[in-house]
Every structure is written in structure tokens, then in C-alpha cells.
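>>> Give me a 3D structure for the following:
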Amino acid sequence: MKKILSLFLSIIMVISVTSISNFNAFAATYSGTCGTNVTWTLNTSTGKLVISGKGSMSNYDYSSTHSSPPWHSNYTYIKTVEIQSGVTSIGDDAFFDCESLTSVAIPNSVISIGDYAFYFCTSLTSITIPNSVTSIGDHAFWVCTSLTSITVDSNNKNYSSTNGVLYTKNKTELIQYPAGRTDASFTVPSSVTSIGDGAFFYCERLTSIAIPNGVTSIGDDVFYSCERLTSITIPNSVTSIGNGAFSWCTSLTTVTMSNNVASIGNSAFYSCERLTSVYYCGNETDWNKMSVGYDNNALKVANKYYRNHNYNSGTITKKANCTATGVKTYTCTFCGATKINTIAKTTHTYKTTTSKATTKKNGSIVKKCSVCGTTIKTTVYHLKTITLSKTSYTYNGKAQKPTVTVKNSKGKKISASNYTVKYASGRKKVGKYSVKITFKGNYSGSKTLYFTIKPKATSVSSISTPKSAQIKLKWKKISNIDGYEIQVSKSNKFSSQTKKYTAKASDTNKTLKFLKKTKSYVRIRTYKKVNGKKYYSSWSKVKSIKTK
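Numbers count the residues shown, from 1 in each chain. From the prediction side, this is the model:
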């Protein structure tokens, strides 16, 4: 009988130690499954997300069906991702919008990277693709605006990289140019015959891109939102331009193409508001035979120069103004032939009037020529969303400083040069703090946002039932607080028959009175009073015990 009792007590001690150990890990850790045999663990203190197990991760579709990865509710904590050996895929939308993610470790067991896997990971600076990867999904690295390099293992059979740019193995297709690169110009290698969908998506620093004669197609959204791109020459070999290919290239003024282009996709030149000249190596009949998709108004209203040659933007040999004509000499980029054209009223004396946008109303920039009255109006879209990167922190003794993001009614991020940010002083202690954003430039008004610093959470050390209808609870002592709040309930959701207790900051245990012979659930949290208001930590892990 003694041996049986001793064995029973040993088992109870092992279970108790294991439970406490798991709970301590839980205090700063979330975990779950993300595949049939794949699990995840996120430590919010270190910002490290670990994916482990065997086989494929699950696929998600956050943008369409709002099915999101299980860690998405805590995505702002994620700074690093470690995918352990055994995992064979990175699922669709796996790290969608993880804007704090800076690095990812991909093991040699991963075979595929899903669609939109790293979409909008705006802090990711580099990524290395192992030789095991055989497929990379659509738009896997879109809007990674800090990404400067994509490196591919030299033994990979399907992909390669040169100077951080991602290609197919034989470099016939350019897949992705890192959006965070600071180069103003780029020359596509002569081996490339096609430029993949979204290859230069959001590459806002590029002002010049040279496409070699040999590229036969330009995919969908290839140069989407390349805002500084001023001109483009589409070589004689290109026969099709995809949907949205140059959409939101707001600085694009000149497009040069040959009559070999048979089709231009929908919205290919959408919102190219400065596009004034299209140089077309062919006649108007050739142009009218070309298939042009919808939402290409910028292309339709631009001045078209129908010729049998593909002339460049030309050299002005005699300046023109609102009342006098000028002379411009053009050279065909394909054959070198020259042609002289007369230019009429191309130079204006503009007076600019700005109406500032607010959080509710669009503004405008109106340029009106004081000589001929020509007016150019640009809409400044109103400010729609103003957010902080985090609105809740846990006390760690350091000053907190959430970043501000401002987007207009079109969903486009507003540059920080258009506003100033003033943070409340202190921001180290528990409490509520303000962040005031004051707009300037083409915007006016201000907005004040708030974030809180809550006290550090505690954890249960042990739980027992010393007497009838009693529960003795012990916990880890936490400094810089005013006390503890304890809840005991018959419901593990604390929804019925729940009692509350408080303890002093100096306490580390308390005996609670509750129901006899009842399975009871207990949890504890810390609090601190600031200016008459209590700020609470997160609850500890729920513990259960059956009372005597």
C-alpha cells in the first residue's frame, strides 16, 4: 500500500511540475497548429515565430475570404521566423502583412512557397531560397518595400539570382526585382524573354528601366506604382502588355512602342496622369488594329506620333511657348532616322493654387497658365486611415514609441514628410499616452491617437485545496505594481458563479473561499493605478482544482 501511495504522489508531482513549466512558457508564448502535422509557437517577448513538424503548412486567403494564419492576431510581434527542417511548404498568405518581420530562415526541406506568402512584409530586408524550392507562388514578395536582396542557392534547379534579383534558372524570365533597392536605374539582362507578373511592383525608386530587344511579353502589374519612372521604351520584340502593367506610374510622361504590340491589357496605363506623348512606330491604321483594354484613358488622350519609325523624346532645337512654335528633332531608336517636327504652345507659365486635403475632404493642386489659360488639376485624396503600429504594450522599463501610418482614400501610404508626430513625454511607465499627428504640405488638420502600457503579468506557482471549500493559490511576485486581482469560478469561461479577490503587491499567496467539492477554475492578473484608473495585465493561464 505504501509503494502504491508513493508512486501516486510521484505521478502527481511530475504532472504539477509539467503544468507549471508549460504555464511559464505560455506567459509570453502562443502556439497551435498550421497544418496536419505542423505546429507553430510565437514568443511575443522575443518576436520569434517557430514553425515545426513534418509536411505542408496550411494555405490561407486573407484578402479574399479573410481566412488568416492562426498567428495573425499577433502579427505585429513577429520579427523573425524560423521554419524548422521537416516542413515542406510555406502556405499561401502565410506571413501576409507581417510588417515587423525582418528575417526568415527557410530550411532545405521546403519545396514550395505559396501565393502572397510574404505580401506586405515591409520590414523584410533579405531572403535566401534553398536549393529544395521548386515552386514560388504568385506575388510571393509583393510590397516588401525594405527588401533589397533575394538570394537563391546555386544548386537550385528552378531558380537563380543575380545581384539580388530573382530569375528562373536559365534567366529567361525575371520574376522579382526587390522593391527596397535604392538604385535609380536597372537594365534587364539580354537573356530575359519575359517579365513576370508584378516583377517591379512598388519599386518606387526606379526612374529608368531598360528592356532588351528579345523580351516578348510584359506581364500583369509588372511596373505597378513605379512612381518615379518617367519614360519607357518597349522594344520591337514585345507583342503584348499585361493588365495594369504601368498602372499608377504617376511620373510617366513618355511611352515608345512599335506596331508589333498587338494587345494592351486592361488598366495598363491607369492613373498615368502625366502621360502626354506616345511614340508609335506605325501609322494610325496600325494603332486602331491594336487591342486596347478598358481603363486606359491616359493612353487614349496622350499625343500620339504615328510614324514608320520609333522616334525618341527628341531634342528641342528651338523653344516654344504659349504664343510661338518651336522645333524638335526626333531620332528613331530602332534605325537612327531623324525627323523634325514643329512644336506649338508646349511651354506655359503656370501659377499653382493648392487646396489642402483633410481627413474628410479631398484637396487639389491646380496649375493654370497665365498666358493661355491652360489648366492642369491634380487631386490630393483625403486622409482616410491614421493608425499606430501598436496600441498596447507590456511594461518593460523602456520608453515605447509606436510608428504612425497614414493612408489616403485610395489606400496609398502617405509619406512621413507630410506630417509631424509629437509623442507624450515619458512613455515608460504604466498608463495611457497620446500621439499627436499634425499634417502639413498638401494636407491640413491634426489627429491624436492613444496607446497604453499595461503592467507585467504574473504566473501561478502552485494551487492546492488545504481545507473544505478552500483554495490556496501561490504566484510569482511582480514588481512595480499596486496589487493583484484573482478570479475563481465554476466556469472555465468565468461566465457564472465567479468570485473576485484582491491581494497586495507584496503578497505571493492567498487562500480563497469557494464551493465545496467543486471543480473550480482560477486565474490571476496584476494591476496598477495611474491617476485614479486601474491598468490591468493580461490574465494568467487558467488553473483548475477540485475543492474538498
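>>> which stretches of the stretch 51-200 of the chain aren't confidently modelled?
Applying pLDDT under 70 to the stretch 51-200 of the chain picks out residues 63.
>>> Going along the chain, name the strands of it.
80-83, 89-90, 103-105, 112-113, 126-129, 135-136, 149-152, 159-162, 165-168, 173-176, 185-187, 194-195 (DSSP state E, counting those that start in this stretch).
>>> roughly how far is the fourth one from the heart of the chain?
Yep, that's strand 112-113 we're talking about. 19 Å (C-alpha atoms, centre = their mean, to the nearest Å).
>>> so what strands line up beside that strand?
Using DSSP bridges, strand 112-113 pairs in its sheet with strand 89-90 (parallel), strand 135-136 (parallel).
>>> residues touching the nearest residue to residue 439 once chain neighbours are set aside, list them.
Nearest non-adjacent residue to residue 439, counting by C-beta to C-beta, 6 or more residues apart in numbering: residue 419, 4.7 Å away. For the C-beta atoms, the positions are set from N, CA and C on the backbone; glycine is no exception. Applying C-beta atoms under 8 Å, 6 or more residues apart in numbering to residue 419 gives the contacts 404, 406, 437-440, 443.
>>> Then residue 114?
Residues in contact with residue 114 (C-beta under 8 Å, 6+ apart) are 57, 59, 89-94, 137, 140.
>>> Select from those residues the one having the most neighbours.
Highest neighbour count within the contacts of residue 114, by other C-beta atoms under 10 Å: residue 94, with 30 neighbours.
>>> Could you point out the member of the contacts of residue 419 that lies closest to residue 353?
Nearest to residue 353 among those, counting by C-beta to C-beta, is residue 443 at 15.7 Å.
>>> Quick check, pLDDT for that closest one.
Looking at residue 443, its pLDDT is 96.
>>> how far away is it from residue 263?
40 Å (C-beta to C-beta, to the nearest Å).
>>> who's more crowded, those two?
residue 443 (20 against 14).
>>> Pull up the distance across stretch 28-42, start to finish.
8 Å (C-alpha to C-alpha, to the nearest Å).
>>> returning to that earlier point: just give me the closest of the contacts of residue 419 to residue 267.
Residue 267 lies nearest to residue 406 out of these, by C-beta to C-beta, at 25.4 Å.
>>> got the contact list for that closest one?
383, 385-386, 413-414, 418-419, 437.
>>> show me what contacts the residue most central in space within the chain?
Centre of the chain computed as the mean C-alpha position; nearest residue by C-alpha atoms, centre = their mean is residue 120, 2.3 Å away. By C-beta under 8 Å, 6+ apart, the contact list for residue 120 reads 96-99, 142-144.
>>> Any figure for the gap between it and residue 506?
47 Å.
>>> hang on, the earlier thing: for the contacts of residue 419, which one is nearest residue 188?
residue 406 (34.1 Å).
>>> State the pLDDT value of that closest one.
Looking at residue 406, the pLDDT reads 97.
>>> What about it? Give its phi and psi, please.
For residue 406, the backbone dihedrals (degrees, to the nearest 10) come out as phi -120, psi 130.
>>> With residue 312 instead?
Dihedral angles for residue 312 - degrees, to the nearest 10 - are phi -80, psi -170.
>>> What about it, how many residues nearby?
So residue 312, with other C-beta under 10 Å, has 16 neighbours.
>>> Is it in contact with residue 339, as I believe?
No - when contacts are counted by C-beta atoms under 8 Å, residue 312 is not listed as touching residue 339 (10.6 Å).
>>> Out of the contacts of residue 419, name the ones that lie in strands.
Judged by DSSP state E, the subset of these located in strands is 404, 406, 437-439.
>>> Show me just the buried residues among those.
Buried members of the ones in strands among the contacts of residue 419, counted by 16 or more other C-beta atoms under 10 Å: 404, 406, 437, 439.
>>> Could you list the low-confidence segments of the stretch 201-350 of the chain?
307-310, 323, 332-338, 345-346.
>>> got TSV for the ones in strands among the contacts of residue 419, with distance to residue 148 too?
Shown next, in TSV, are the ones in strands among the contacts of residue 419 (distance: C-beta to C-beta, whole Å):
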residue	distance to residue 148
404	24
406	24
437	29
438	32
439	30
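>>> Of those, just say which sits nearest to residue 484.
For the ones in strands among the contacts of residue 419, the residue nearest residue 484 by C-beta to C-beta is residue 404; the value is 34.8 Å.
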